[in-house]
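> fold the following.
(one chain, ligands or ions: 1)
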Amino acid sequence: MLSLRYRIALTLLPQLALLAVLGGAGVFILHNLSQRIDRILRENYDSVLFMQHLDEALERIDSSFPFALAGRENEARKQYEVNWPIYEDNLRKEENNITLPGEGEAVRELRDLSNKYRAKAEGFYKRPPADAQRPNDYFGSDGEHGKADPNNEGLLGLFKRIKGVSGKILAINQTNMEQESKDARETARISVIGFGIGLGIATVLSVLLAWQTTRAILQPVREVTESALAIGRGNLDQVVPVQSHDEVGQLADAFNTMARQLRHYRQTDYSRLLRAQRTSQATIDSFPDPVLVIDLEDHVEMANPAAQRLLGVAGSEGTAAALAWRPPEALREPLRAAIQDQRPYLPEGFERVVSFTVEAREEAFLPRILPISDPYGNTLGAAVLLENVTRFRLLDQIKSDLVATVSHEVKTPLTSIRLALHFLLEETIGPLNPKQLEMLVDARDNAERLLGMVNRLLDLARLEGGQSPLDLKPEEPATLLLAAADTIRPRAEAKEVTVKVDVPPDLPPVSVDAGRFGHALNNLLDNALTYTDPGGQVTLTAAATGDTVTLTVADTGLGIPPEHLPHVFDKFFRIPGQSSETGTGLGLAIVREIVTSHGGTITCTSTVGAGTVFNIALPIWSNPTTAAATPNPGISPTPGGA
Ligand code: ADP
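The predicted model follows:
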């Protein structure tokens, strides 16, 4: 196949050839016409001019004779001598310009007559001016019967005949000239028509050729363009037909190569994506706990078999549209927060578990919700992991029960041991020597501590079991805080720690079991005093926030290192190297149990070296029915749908 360049050249060549032919024809026609005109001029117009000049000279020569006869000899002679060479010259020229039929004979006749006329004229002027023969010479003499004698024809007669002949030559040439110019005009007309037709044909041919070439070039270009557009729309399987090996063919080839490369990229990208998707699916499938990923509209994008079994949901993999998941009531707010505020929900306590009925058994799941976002911070959805904590909760329950039972069983003998030690130390039974006294004091202190711990364990067990219902009443925050401060004041004064109560007036009453809550406040104040050095301060404040009142216990003590802060409310948790010797690690756990049983929340913030702040938010007293608020915090909400 020819290259595009050659194709364009080939289209232009015929047009060039046509142009050359037309140009040649034009030149030929013009040349032809100019030659004809030239010939007319040369052959006829010259002869006409010769004859006219000859005639003029003849007239002058002829008029010289009457002058001479009139006695003006000199002027007449001069006129004759001047004009004769002109006459002769034009006659000679005409003799050399015989071109037409009949012209030769006429010119020969003219020559004959001219010779005679010359001879006669020479004779006329040879005679003396007043010679009587001169008028005869001019006018001629009559022969017999008064007719003009042809042998003695006068100059005037010859003049008339010469004029006749020259007029004939003139006429021959003029007629021919007219004919020739008519012919030339006709030729020019035909030429113009032919030229016009040629030009028309050339134009039509050129247009046809140009159209054909343009089409031949544009068609493949259009095909390449269409294919490019299709590829742009994502149809990478589009193949541009390669119909030629010219430049357009090369373009199509390059296009196909590009599409192939794109297909290849897409395939590798696709398989990489597929692999990543399979890997993550396999990863979450291998989780024994239910895991699901939901998008912004709560549609399940991925769900492992455990989640599918438990929640009856399926991932959108392979299906056109995933079904929306209706999360259990307890998870709705955390899910909303995770998706809208990108806030993860990672509860630790069993009070946040969600229960589902699995094979007629109730199972407890601790939810973990993690927002999923792209690298630019846009939220894509959330991952929900439901950790099955049924066994842990059961073990915890068993442990609590065991601890409660043991504590209960230990408490009675321990009380009597303590009583016995008191009696012994009072020496009512008998005197003690110093060594015995020392040992018994030590034993009594240990018994006291043990009893304290047992009591706390029993408290906690009771709270967790929810056995003793709360006696909720409207209580003034100030009253609660002042009572707690009074309890701790003697110990504070002894340690030189200031206790300050600063409560604004007109705070709404809170819904509280004063006895139980006082216990919590005492625990907090006890800790504050324990971990604040002499000279420090413990401040009790309160503030209304929405439908809660926040009570604050702040100290200027040691502070809690940030890494331990999340665990201070855990059972038996004590900060290594910082806690007092006598503590059990149960105080704050009890405080939290008491607060949550009131439907409140407790948080702790602390700065090492500056102090610790505990905030307790309690519901405001509204009506007597609030008394029913979470009487049993250990029992988790059961979602309606499960
Ligand atoms: P304990 O019986 O040891 O006081 P708690 O549960 O009351 O047990 O407290 C847990 C730990 O938290 C304590 O051992 C102590 O290290 C730390 N802690 C509690 N309150 C404070 C406080 N106000 N300032 C500093 N550390 C504190």
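> got the residues of the stretch 451-600 of the chain near the ligand?
527-528, 531, 555, 557-558, 560, 568, 573-575, 578-579, 583-589 (Cβ under 6 Å from any ligand atom). All C-beta spots, glycine's among them, are computed from the backbone N, C-alpha and C.
> restricted to strands, list these.
Judged by DSSP state E, the subset of these located in strands is D555.
> which of the residues of the stretch 451-600 of the chain next to the ligand fall within helices?
527-528, 587-589 (DSSP state H).
> can you tell me which two in those are farthest apart?
A528 and A589 (16.8 Å; Cβ to Cβ).
> what helix or strand does A404 sit in?
Per DSSP states H and E: A404 is located in helix 390-426.
> point out the other helices and strands that that helix packs with.
If you count contacts as 3 or more Cβ pairs under 8 Å, 6 or more residues apart in numbering; DSSP states H and E, helix 390-426 packs onto strand 361-373, helix 434-465.
> ok, and the closest non-adjacent residue to I560?
Once flanking residues are discounted, I560 sits nearest to S606: 4.0 Å by Cβ to Cβ, 6 or more residues apart in numbering.
> again with F350
That would be R393: by Cβ to Cβ, 6+ apart, it lies 5.4 Å from F350.
> got the contact list for that neighbour?
Contacts here follow Cβ atoms under 8 Å, 6 or more residues apart in numbering; on that basis R393 touches 350, 353, 364.
> which pLDDT value goes with the second one?
Looking back up the chat, that one is V353. Looking at V353, its pLDDT is 87.
> around the ligand, which positions in the protein sit nearby?
Of all the residues in the chain, those lying near the ligand are 527-528, 531, 555, 557-558, 560, 568, 573-575, 578-579, 583-589, 612, going by Cβ under 6 Å from any ligand atom.
> report the buried members of these.
The neighbour-count test (16 or more other Cβ atoms under 10 Å) marks 527-528, 531, 555, 557-558, 560, 568, 574-575, 579, 583-589, 612 as buried among those.
> okay, helices next: where are they in the stretch 1-150 of the chain?
Taking DSSP state H, counting those that start in this stretch as the test, the helices found in the stretch 1-150 of the chain are 4-39, 46-69, 73-95, 103-126, 134-139.
> about what we covered before: now mean neighbour count and mean pLDDT too, for the helices and strands packed on helix 390-426, in TSV please.
As requested, these are exported to TSV (neighbours: other Cβ atoms under 10 Å; pLDDT from 0 to 100):
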stretch	mean neighbour count	mean pLDDT
strand 361-373	18	91
helix 434-465	16	87
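> for N304, find the nearest of those.
strand 361-373 (13.8 Å).
> ok, the closest residue to Q340 other than its chain neighbours - contacts?
Nearest non-adjacent residue to Q340, counting by Cβ to Cβ, 6+ apart: T379, 7.6 Å away. Taking Cβ under 8 Å, 6+ apart, we find T379 in contact with 296, 339-340, 342, 371-373.
> show the contacting residues for Q537.
Contact analysis of Q537 by Cβ under 8 Å, 6+ apart lists 497-500, 555-556.
> and of those residues, the nearest to the ligand?
D555 (5.2 Å; Cβ to the nearest ligand atom).
> show me what that closest one is bridged to.
On the basis of DSSP bridges, D555 is bridged to V538.
> that one reaches V538, doesn't it?
Yes: applying Cβ atoms under 8 Å, one finds D555 in contact with V538, separated by 4.9 Å.
> common neighbours of these two, please.
With Cβ under 8 Å, 6+ apart, D555 and V538 have common neighbours 528-529, 532.
> and which of the residues you listed is nearest to L463?
A528 (21.4 Å).
> nearest spatial neighbour of that closest one, chain-adjacent residues omitted?
Nearest to A528 is D555, by Cβ to Cβ, 6+ apart, at 3.9 Å.
> what residues are up against that neighbour?
So D555 contacts 528-529, 531-532, 536-539, 611-613 (Cβ under 8 Å, 6+ apart).
> if we go to 7 Å?
Applying Cβ atoms under 7 Å, 6 or more residues apart in numbering to D555 gives the contacts 528, 531-532, 536, 538, 611-612.
> and E593, by the same measure?
460, 463-464.
> for V358, state which of those is nearest.
Nearest to V358, judged by Cβ to Cβ, of the contacts of E593 is E464 at 24.4 Å.
> tell me if P619 really is in a helix.
No: counting by DSSP: H, G, I helix; E, B strand; the rest coil, P619 falls outside a helix, being strand.
> of the contacts of Q537, which is the most crowded?
D555 (26 neighbours; other Cβ atoms under 10 Å).
> tell me the pLDDT at that residue?
96.
> for the stretch 301-450 of the chain, give me the ranges with low pLDDT.
Regions of the stretch 301-450 of the chain meeting the criterion pLDDT under 70 cover residues 315-323.
> what residues are up against the closest residue to the ligand within it?
Nearest residue of the stretch 301-450 of the chain to the ligand: R449, at 11.0 Å (Cβ to the nearest ligand atom). By Cβ under 7 Å, 6+ apart, the residues touching R449 are T582.
> one more time with 10 Å
581-584 (Cβ atoms under 10 Å, 6 or more residues apart in numbering).
> can you redo the residues you listed as a markdown table with pLDDT?
Output for the contacts of R449, formatted as a markdown table (pLDDT from 0 to 100):
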| residue | pLDDT |
| --- | --- |
| E581 | 72 |
| T582 | 73 |
| G583 | 77 |
| T584 | 80 |
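> which among the residues you listed gets closest to the ligand?
G583 (2.4 Å).
> separation between the spatially most central residue of the chain and the ligand?
By Cα atoms, centre = their mean, the chain has its centre lying nearest to G232, at 12.8 Å. Distance, G232 to the ligand, using Cβ to the nearest ligand atom, to the nearest Å: 66 Å.
> OK, contacts around that residue?
Q238.
> repeat for Y345
331, 333-335, 337-338, 352, 367-371, 382, 384.
> can you rerun that using 8 Å?
With contact set as Cβ under 8 Å, 6+ apart, Y345 has these partners: 334-335, 337-338, 367-369.
> for V553, see how far away it is.
Using Cβ to Cβ, to the nearest Å, Y345 is found at 28 Å from V553.
> the residue lying closest to R39 once chain neighbours are set aside: how many residues sit nearby?
Among residues not flanking R39 along the chain, E180 sits closest, at 7.1 Å (Cβ to Cβ, 6+ apart). Using other Cβ under 10 Å, the number of residues around E180 comes to 19.
> same question for G26.
14.
> can you check the pLDDT for the closest residue to it other than its chain neighbours?
Spatial nearest neighbour of G26, chain neighbours left out: F195 (6.2 Å); criterion: Cβ to Cβ, 6+ apart. Listed pLDDT for F195 reads 85.
> report the angle between the host helix or strand of F195 and helix 46-69.
Element membership of F195 [criterion: DSSP H and E] is helix 155-232. Counting by axes from the mean of the first three to the mean of the last three Cα atoms, to 10 degrees, helix 155-232 lies at 150 degrees to helix 46-69.
> list the buried ones in the helix or strand where A282 lies?
Using DSSP H and E, the element containing A282 is helix 247-285. Buried residues in helix 247-285, counted by 16+ other Cβ under 10 Å: 248-249, 251-252, 255-256, 259, 281, 284-285.
> and which of those is nearest the ligand?
If you rank the buried residues of helix 247-285 by distance to the ligand using Cβ to the nearest ligand atom, I284 comes first, at 37.4 Å.
> ok, the closest one touching N304?
Yes: using Cβ under 8 Å, I284 is in contact with N304, at 4.5 Å.
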